[in-house]
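Student: Need coordinates for the following:
(chains A and B)
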Amino acid sequence: MMKDVQSVTREQVEDLMFLEAELLDEWRLREWLALFTDDGAYYVPTTDCAPDASPDSALFYVADDRFRLEQRVERLLKRTAHAEFPRSKTRHLVSNVRIRSRGEQELQVGAAVITNRTKMGLTETYIGSYRYRIVAGENGLRIKEKRCLLDMDGLKPNGRISIIL
Amino acid sequence: MDLSMARASPLVWNDPQAGRFRVARRSFTESAILREEYERIFDRCWLYLGHESELPKPGDFVTRTIARRSVLFTRDAKGQIRGFFNTCPHRGAQICRERKGNAKSHQCFYHGWVFGADGALKSLPGRESYGPQFSEQGQADLVPVPKLEAYRGFWFLCFDRNAETLADYLAGAKAWIDLIADQSEAGMAVVGGTQEYQIRANWKLLTENSIDGYHAINTHATYVDYLKNMKGGLSPVPFEGTGYDLGNGHAVIEYKAPWGRPVAQWIPLWGEDGKRELEAVYQRLCQRHGQQRADRIAFLNRNMFIFPNLVINDIMAITVRSYFPTAPDAMQVFGWALAPQEENPWARKFRLSNFLEFLGPGGFATPDDVEALEQCQRGYEAMKEAPWNDISKGMNKARADYDDELQMRVFWSEWQRRISEGQSPRAA
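Tutor: Sure, this is the predicted structure:
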């Protein structure tokens, strides 16, 4: 049962996003997944397609529906997810959080993000912005869609998005 | 390192009688070898530039870095596809600084020279200060790439004016490109969005990896787990197939696999509606090509390598991938998705979904490949003491299986031939 989002404050939204960043950085990925709605989605478009492009018609880096997002989390927790074994250290820095618009049951939220990933003595940086669709459920705010728009020319020098951005 | 030293011991060691094929790890690490690769391979071979579908209208252009040169790939006002070095003939600035777009003409921002999409100088600021014949005979036009030819919509360039034709160069690979191009009635097209990334590894490691049927079970264990967890699971098709030498360093593996193929192997996830869709796609293939060829197109997967740096993998989706070394231990990779133009939105969605499950730096498989390549490169730091890679698998067989290493030996044999061509006996 979705609730009204009219009274949701930016601080509440920030709490959700800062919690999300902490869960990712502590590799508590199943708890992170629980922040999404049952139809939640996570997207990272390629850097030469439009910010609002659809993964049904354009090539993305990541386009996960709820099932694939669950599978991504389970994969990353395995030793056989070689790109993340041993696990990298990450730090998501989330800033410039703003409620961009307010529908009846859904908030559109924007933020800036810098994520550092360190593995095998190398630190790589992902720079971008987040676009969220956030709803209010029985247990508080939930993410219906998270889209990470990279402010980069391709994944250079990163080479992969093996962590969750 | 001095080149004669670089050649003091063999780079490729082929001993068929002993069933052993080895590659010296310094082939992946030495700057002198990278310089040779640019001179003897990238400056002489046909290199993939782009697909005709990227330039549907007159004036459409993309800029692309090919073997370090910025190239303008464009369709002129008459509809002809052209390739120019993206550098002003005046003082050298790049005349086009956008990745893609549409323009009837390109103006160099430095001094304002203007060129048409056919490369001809259109406007010369301060014309009166130049002699009357200054721009005659194309002397002030954009410089075209020395050779530019296409096969079935795939455009290639060559920096060597004396090179053989593209058709001769592609050799046996042409028939396999046909198996891709024949999937569409309207023509194949690149889907919007480029996967562009950098790997901290030697470029030849990606060649090996892109056509390696041997690594899948280990490297991609989590991808196979994922497929098993999908609604309805996989189709009951075992992995099996064959590797082929296509000549001139090109190679392919062709094999059955359990994943869904939009043209046209159904999996339960795609439902009954999907089954009807794919059946229709399959029937049209049969009408156009006969059942035998249709079965091959629809149910077999192909990982194809075209020497030196083009991969066309027709697997759970079709990816076109090219890559260039920027240092012995670094490469830039470009990945595109290719699809039939007439494909309906349903099939396109599943195609792209299939693509991302496995392919690309955010998929469930490619990040582990990138990890493997970078780990190999690190391993080569011990090359003085551990000097050899081994790619002997399947040498003792008359017919190579898809998970043997024939296709890598095809690549390395051509690489060796080109790198050592014209070397003095002492150096070779």
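
Student: Number of residues surrounding whichever residue of chain A sits closest to chain B?
Tutor: Of all residues in chain A, residue A:154 sits closest to chain B, at 2.9 Å by C-beta to the nearest C-beta. Heads up, the C-betas are built off the backbone N, CA and C, glycines and all. The burial count assigned to residue A:154 is 22, neighbours taken as other C-beta atoms under 10 Å in any protein chain shown.

Student: Identify the residues contacting the residue of chain A positioned farthest from its centre.
Tutor: Outermost residue of chain A with respect to the C-alpha centroid, by C-alpha atoms, centre = their mean, is residue A:121; its distance is 24.8 Å. The contact partners of residue A:121, by C-beta atoms under 8 Å, 6 or more residues apart in numbering or on different chains, come to none.

Student: Buried residues, the longest strand seen in chain A. List them.
Tutor: When chain A is scanned for its longest strand (criterion: DSSP state E), the result is strand A:122-137. For strand A:122-137, the neighbour count (16 or more other C-beta atoms under 10 Å in any protein chain shown) marks A:124, A:126, A:128, A:130-136 as buried.

Student: re the thing from before, surely the residue of chain A closest to chain B is in contact with residue B:99?
Tutor: No: applying C-beta atoms under 8 Å as the test, residue A:154 and residue B:99 come out as separate, 10.3 Å apart.

Student: Packing partners of the helix or strand hosting residue B:276?
Tutor: Using DSSP states H and E, residue B:276 sits in helix B:271-299. Identification of packing neighbours for helix B:271-299 by 3 or more C-beta pairs under 8 Å, 6 or more residues apart in numbering or on different chains; DSSP states H and E yields helix B:345-358.

Student: got the buried residues for the helix it packs on?
Tutor: B:347-358.

Student: For the closest residue to chain A within chain B, give me its contacts.
Tutor: Taking C-beta to the nearest C-beta as the measure, chain B has residue B:196 as its residue closest to chain A, at 2.9 Å. Residue B:196 is in contact with A:46-48, A:153-156, B:332-335, counting by C-beta under 8 Å, 6+ apart.

Student: Tell me where the longest helix sits in chain A.
Tutor: What stands out as the longest helix in chain A, according to DSSP state H, is helix A:10-25.

Student: now that one and strand A:122-137, what's the angle there?
Tutor: Regarding helix A:10-25 and strand A:122-137, their directions subtend 130 degrees when assessed with axes from the mean of the first three to the mean of the last three C-alpha atoms, to 10 degrees.

Student: hmm, back to that, so can I have CSV of the buried residues of strand A:122-137 showing pLDDT?
Tutor: Formatted as CSV, the entries for the buried residues of strand A:122-137 read as follows, by pLDDT from 0 to 100:
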residue, pLDDT
A:124, 96
A:126, 98
A:128, 98
A:130, 98
A:131, 98
A:132, 98
A:133, 98
A:134, 97
A:135, 97
A:136, 94
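
Student: Between which two of those is the distance greatest?
Tutor: Across the buried residues of strand A:122-137, no pair lies farther apart than A:124 and A:136, at 35.3 Å, counting by C-beta to C-beta.

Student: Just give the number of residues close to the spatially closest residue to residue B:118 that is not a sequence neighbour.
Tutor: Computed as C-beta to C-beta, 6 or more residues apart in numbering or on different chains, the closest residue to residue B:118 that is not its neighbour in sequence is residue B:76, at 4.1 Å. Other residues within reach of residue B:76, judged by other C-beta under 10 Å, total 18.

Student: Could you do the one 3 residues further on as well?
Tutor: Counted with other C-beta under 10 Å, the neighbours of residue B:79 add up to 9.

Student: how close does the closest residue to residue B:239 other than its chain neighbours get to residue B:312?
Tutor: The shortest distance from residue B:239 to any residue other than its chain neighbours is 5.6 Å, reached at residue B:257 (C-beta to C-beta, 6+ apart). As judged by C-beta to C-beta, to the nearest Å, residue B:257 and residue B:312 stand 16 Å apart.

Student: Over to residue B:392?
Tutor: With distances taken as C-beta to C-beta, residue B:392 is found 26 Å from residue B:312.

Student: Same question for residue B:94.
Tutor: For residue B:94, the distance to residue B:312 (C-beta to C-beta) stands at 29 Å.

Student: Neighbour count: those two, which is higher?
Tutor: Comparing residue B:94 with residue B:312 by other C-beta under 10 Å, the one with more neighbours is residue B:312, at 24 against 16.

Student: and residue B:342, what is it in contact with?
Tutor: Residue B:342 makes contact with B:184-186 under the criterion C-beta under 8 Å, 6+ apart.

Student: Kindly apply the preceding question to residue B:315 instead.
Tutor: In this structure, residue B:315 makes contact with B:257, B:259, B:261, B:301-303, B:358-359, judged by C-beta under 8 Å, 6+ apart.

Student: now the buried residues of strand A:122-137 as a markdown table including distance to chain B?
Tutor: Rendered in a markdown table, the data for those read as follows (distance: C-beta to the nearest C-beta, whole Å):
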| residue | distance to chain B |
| --- | --- |
| A:124 | 10 |
| A:126 | 11 |
| A:128 | 13 |
| A:130 | 16 |
| A:131 | 17 |
| A:132 | 19 |
| A:133 | 20 |
| A:134 | 23 |
| A:135 | 24 |
| A:136 | 29 |
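
Student: Can you lay out these as a markdown table showing distance to residue A:74?
Tutor: A markdown table is the format used below for the buried residues of strand A:122-137 (distance: C-beta to C-beta, whole Å):
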| residue | distance to residue A:74 |
| --- | --- |
| A:124 | 24 |
| A:126 | 22 |
| A:128 | 25 |
| A:130 | 23 |
| A:131 | 26 |
| A:132 | 23 |
| A:133 | 24 |
| A:134 | 24 |
| A:135 | 24 |
| A:136 | 28 |
